[in-house]
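**Student:** Got a sequence here, can you model it:
(2 chains)
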Amino acid sequence: MKTRILTAGTALALCLTMGAAALPASAASADASSTDSLGTAFSYTYQNDPTYTVTIPSAIEMDANGTQVSIAAENVANLDGKKISVTIAGTQYFRNQMVLEGIDGKGMKKTLRYQIETAAGEVIETTGTDTATGRELASFTENGAVCYTVKPVLHPTTAKGVTYTGSMTYGISVADAD
Amino acid sequence: MAPATTKRKAIIWGLALLLAAALCCGWLLLRDQPAAGGLSYRPEKDAVDWNQSIGGEAKDGIQIPGYGALTFPADSKKAPLVLPNPAENTCSFVYKLYLEGESVPIYTSGAILPGKAVTEIALERGLPDGTYHLTIQVLTFDLESGAPQNGAEIQTVLQVI
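**Tutor:** Residues are numbered from 1 along each chain as shown, chains lettered A, B, ... in the order given. Next comes the predicted model:
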């Protein structure tokens, strides 16, 4: 009986001693670890950025014999077999007709049709009931520029001394390559 | 009707018209005047300086940024999208975003001057998960006169996740 009590007491004393010895170490570990930085912080902000650039003419300006303008594309890459297509998406005139507008000396509205001749020799124009919307002006599979000619459609009855102005909206998209 | 009463009514009407005219003039003078960017667009208040190049060299014409597929967070009215006006341009930009089949834009910017950009947009409504066809319309305006110039519509795919 005495032996058992002695053995139990010794075991308890050992346990207590080991626990007491461990505590300072744990505390020391805790203290040490509480002031250390753990790992490296990473951050990333996901943005939807532009990936290419298309430069379009700023205004429709032309002389009687036609004016050459260009459309350019840059940063054209990673298209996976596709192309950047630039089309006529619309104009400022009713029903997207290719028509410029002006005011004569008497305050009367005047109009002037114009046409586009593409690099391939195709003539694009509207005559009142049709539309040029969707017609392709240029396409790019790499950086470059495409030129085309803009020309007024003049008649003997075209009002003179009038400044005709207008604007065009260009459609830009990544499309299947031909 | 007694002449005095008629005269009094005339005076009252005259004063009322004068007051209305004064209020109208005051409103016209004191309202915020639209700055460059067309006559109906005010400067974009959230535009920040943007000096990144998107590859365009200084040349005649308007540099229009093009986009590949975009990603917006689902059901959120805020979306990360960089809408710049390259510094080389000599016109202001107004951006409008349209979903296919809708005539009302889900976003309209104010006038963005050259060298500025919007980097986060506030949508009219959050969008549920899905794939959308998105049109990014770019309206351009002469910096001095506000006259509209040639613009563009960029077609792209929008993933909302």
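**Student:** quick one: average pLDDT of stretch A:68-79?
**Tutor:** Stretch A:68-79 shows a mean pLDDT of 89.
**Student:** With just CA atoms, put it into CSV.
**Tutor:** Extracted as CSV, the C-alpha positions of stretch A:68-79 are listed here (Å, rounded to 0.1, in the frame of the first residue of the first chain):
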residue,chain,number,x,y,z
GLN,A,68,-7.8,59.6,-98.4
VAL,A,69,-8.2,58.7,-94.7
SER,A,70,-6.9,55.7,-92.8
ILE,A,71,-8.0,53.4,-90.0
ALA,A,72,-5.1,51.9,-87.9
ALA,A,73,-5.0,49.1,-85.4
GLU,A,74,-2.3,48.5,-82.8
ASN,A,75,-1.6,46.0,-80.1
VAL,A,76,-3.3,43.4,-82.2
ALA,A,77,-2.2,40.1,-80.7
ASN,A,78,-3.5,36.8,-79.4
LEU,A,79,-6.6,36.8,-81.7
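**Student:** Average pLDDT for stretch B:97-113, rounded please.
**Tutor:** Stretch B:97-113 carries an average pLDDT of 97.
**Student:** ok, and what's touching that stretch?
**Tutor:** B:34-38, B:41-45, B:47, B:83-85, B:92-96, B:118, B:121-125, B:127, B:132-137, B:141, B:143, B:158 (Cβ atoms under 8 Å, 6 or more residues apart in numbering or on different chains). Using the backbone N, CA and C atoms, a C-beta is placed for each residue, glycine as well.
**Student:** how long is it from one end to the other?
**Tutor:** End-to-end distance for stretch B:97-113, by Cα to Cα, to the nearest Å: 18 Å.
**Student:** So which bits of that stretch are buried?
**Tutor:** If you call a residue buried by 16 or more other Cβ atoms under 10 Å in any protein chain shown, then stretch B:97-113 has these buried ones: B:Leu97, B:Tyr98, B:Pro105, B:Ile106, B:Tyr107, B:Thr108, B:Ser109, B:Gly110, B:Ala111, B:Ile112, B:Leu113.
**Student:** Next, work out how far apart the fourth one and A:Arg135 are.
**Tutor:** If I follow you right, that is B:Ile106. 28 Å (Cβ to Cβ, to the nearest Å).
**Student:** in what helix or strand does B:Thr6 lie?
**Tutor:** Element membership of B:Thr6 [criterion: DSSP states H and E] is helix B:3-30.
**Student:** Give the rounded mean pLDDT of the helix or strand following that helix.
**Tutor:** Sequence-wise, the next helix or strand downstream of helix B:3-30 (DSSP H and E) is strand B:48-49. Throughout strand B:48-49, pLDDT has a mean value of 93.
**Student:** just checking, what packs against the helix or strand that strand B:48-49 is followed by?
**Tutor:** Scanning forward in sequence from strand B:48-49 by DSSP H and E, the next helix or strand is strand B:62-66. Helices and strands touching strand B:62-66, as assessed by 3 or more Cβ pairs under 8 Å, 6 or more residues apart in numbering or on different chains; DSSP states H and E, comprise strand A:52-56, strand A:168-176, strand B:148-160.
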